[in-house]
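> Provided below for reference: sequence and predicted model.
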Amino acid sequence: MDFQQIFHTVPDVQASAPGRVNLLGEHTDYNDGFVLPTAIPQQTTVYIGYSPDQYHHFYSVELAELIAVHPTESIPQGFASYINGCIRVLEQTGYIIPPVNLLVTSSVPIGAGLSSSAALEVATLRGLRSLLQLDLDDVKVAQLGQQAEIQYAGVSCGILDQMACSLADTEHMLFLDTRTLDRQILPFPTGAEIVVIDSGVTRSLASSGYNQRRAECESAAQQLGVKALRDVSDPETANSLPEPLSKRARHVITENNRVLQVLKGVTAPEFGKLMNASHTSLRDNYEVSVPALDTLVNLLQKTPGVFGARLTGAGFGGACVALVQVGAGNAIAETVLNQYNNMGYLGHILIS
């Protein structure tokens, strides 16, 4: 189904945003820390026109679902909550948003840790910016998308996903200081490319331990007397905290240090070791991995031509990312996927 079939008119604008994969810097963004994402080829696209009545009308091609929302009504959770959230935060900023028809279609996998929600938010805000000639730069788009997710989807997310979907490209890594929003575009390590494989285990951030982890980090920072865990650079500092706060803080501190190590310049094998260490910390200190992710990462790490591998995204399911020898991605992905699925899992390749 396209826009004209659903709404019986042509759209006025269209806009897209990519998903993202995070190479290093997991669960550091809401601790004011450092992250290192890149955009992925998969995109979310929205088509927008003016509504003929007093309702917003949102249609998802993938879900085959049409929802009508009055501007004064609250709506149930689902894809429309992200779109409606974007409209609401624009209104909070002072913009007047007329009722619109919006169709969304996306190739960004849902529940794989590749920022399908942020891609939808950024695409929606870009489309409304174009339709209504709003004075919003790409950083403001990311900030508004973050607020839409926090206020209307119930996820106390950091700024990583929205900034990556708004500013990153597929040819580089985006180094981002999530406190200052200072950023640098960095090349991939020489001789390397990425592979992303979905574990087949889906998860919902809002209903997972994500918000609990955030609260634990805030408690750890408070007990250490700092604004955020970003302000601690020595992992030994975490030893003074009770468990599980000690483990949570140790992950964030060491993960920030791993991202900063990349800024100094590292080879592909060195980058891979940092990714391996990141997964170990996410598994043991942050406790956001699951057996399927650990199995997939272990298979990747043991495969010739793989520099390093880790879960990517919030965890509790989703995808794994690996840094591999350039040109070997397809063969490595196929080999590992066959091994993984032969063990009874249902994974699939997202990027190779």
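Sure thing, it's come through. Since this is a predicted model, take the numbers as computed values, not measurements.

> which helix of the chain spans the most residues?
For the chain, the longest helix by residue count, based on DSSP state H, is helix 245-263.

> show me what that one is packed against.
For helix 245-263, the packing partners by 3 or more C-beta pairs under 8 Å, 6 or more residues apart in numbering; DSSP states H and E come out as strand 13-24, strand 34-50, strand 172-177, strand 183-187, helix 210-224, helix 268-284. (Each C-beta comes from the backbone N, C-alpha and C, glycine too.)

> now do it against strand 183-187, angle only.
Put simply, helix 245-263 runs at 60 degrees to strand 183-187, going by axes from the mean of the first three to the mean of the last three C-alpha atoms, to 10 degrees.

> related to what we said a few turns ago, dump the helices and strands packed on helix 245-263 to a markdown table, plus mean pLDDT and mean neighbour count.
Listed next are the helices and strands packed on helix 245-263 as a markdown table, based on pLDDT from 0 to 100; neighbours: other C-beta atoms under 10 Å:
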| stretch | mean pLDDT | mean neighbour count |
| --- | --- | --- |
| strand 13-24 | 97 | 25 |
| strand 34-50 | 97 | 22 |
| strand 172-177 | 96 | 21 |
| strand 183-187 | 95 | 13 |
| helix 210-224 | 94 | 18 |
| helix 268-284 | 98 | 20 |
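
> any chance of these in TSV, plus distance to Pro109?
Below are the helices and strands packed on helix 245-263 laid out as TSV (distance: least, C-beta to C-beta, whole Å):
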stretch	distance to Pro109
strand 13-24	8
strand 34-50	7
strand 172-177	20
strand 183-187	25
helix 210-224	18
helix 268-284	20
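
> give the helix, strand or coil label for the nearest residue to Ala322 once chain neighbours are set aside.
Leaving aside its chain neighbours, Ala322 sits nearest to Ala309 (3.9 Å; criterion: C-beta to C-beta, 6 or more residues apart in numbering). Per DSSP: H, G, I helix; E, B strand; the rest coil, the secondary structure class of Ala309 is strand.

> so which of the helices and strands packed on helix 245-263 is nearest Gly113?
Closest approach to Gly113 among these (C-beta to C-beta): strand 13-24, 8.1 Å.

> hmm, back to that, dump the longest helix of the chain to PDB, restricted to CA.
C-alpha atoms of helix 245-263 as PDB (Å, rounded to 0.1, in the frame of the first residue of the first chain):
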ATOM      1  CA  LEU A 245      26.000  -0.500  41.500                       C
ATOM      2  CA  SER A 246      29.700  -1.300  41.600                       C
ATOM      3  CA  LYS A 247      29.400  -3.500  38.500                       C
ATOM      4  CA  ARG A 248      27.200  -1.100  36.700                       C
ATOM      5  CA  ALA A 249      29.600   1.800  37.300                       C
ATOM      6  CA  ARG A 250      32.600  -0.300  36.300                       C
ATOM      7  CA  HIS A 251      31.100  -1.100  33.000                       C
ATOM      8  CA  VAL A 252      30.300   2.600  32.200                       C
ATOM      9  CA  ILE A 253      33.800   3.800  33.300                       C
ATOM     10  CA  THR A 254      35.700   1.200  31.300                       C
ATOM     11  CA  GLU A 255      33.400   1.600  28.300                       C
ATOM     12  CA  ASN A 256      34.000   5.300  28.100                       C
ATOM     13  CA  ASN A 257      37.700   4.600  28.300                       C
ATOM     14  CA  ARG A 258      37.400   2.200  25.400                       C
ATOM     15  CA  VAL A 259      35.800   4.800  23.200                       C
ATOM     16  CA  LEU A 260      38.400   7.400  24.100                       C
ATOM     17  CA  GLN A 261      41.100   4.900  23.200                       C
ATOM     18  CA  VAL A 262      39.800   4.800  19.700                       C
ATOM     19  CA  LEU A 263      40.200   8.600  19.500                       C
END
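
> and it, how far from the chain's centre?
Relative to its parent chain, helix 245-263 has a centroid offset of 18 Å by C-alpha atoms, centre = their mean, to the nearest Å.

> that older thread, could you count how many residues lie near the residue nearest to Ala322?
28 (other C-beta atoms under 10 Å).

> who's in contact with it?
Ala309 makes contacts with 272, 275-276, 279, 296-297, 300-301, 320-323, as judged by C-beta atoms under 8 Å, 6 or more residues apart in numbering.

> go again using 6 Å as the cut-off
Contacts for Ala309 (C-beta atoms under 6 Å, 6 or more residues apart in numbering) come out as 297, 300-301, 320, 322.

> alright, I will stop here.
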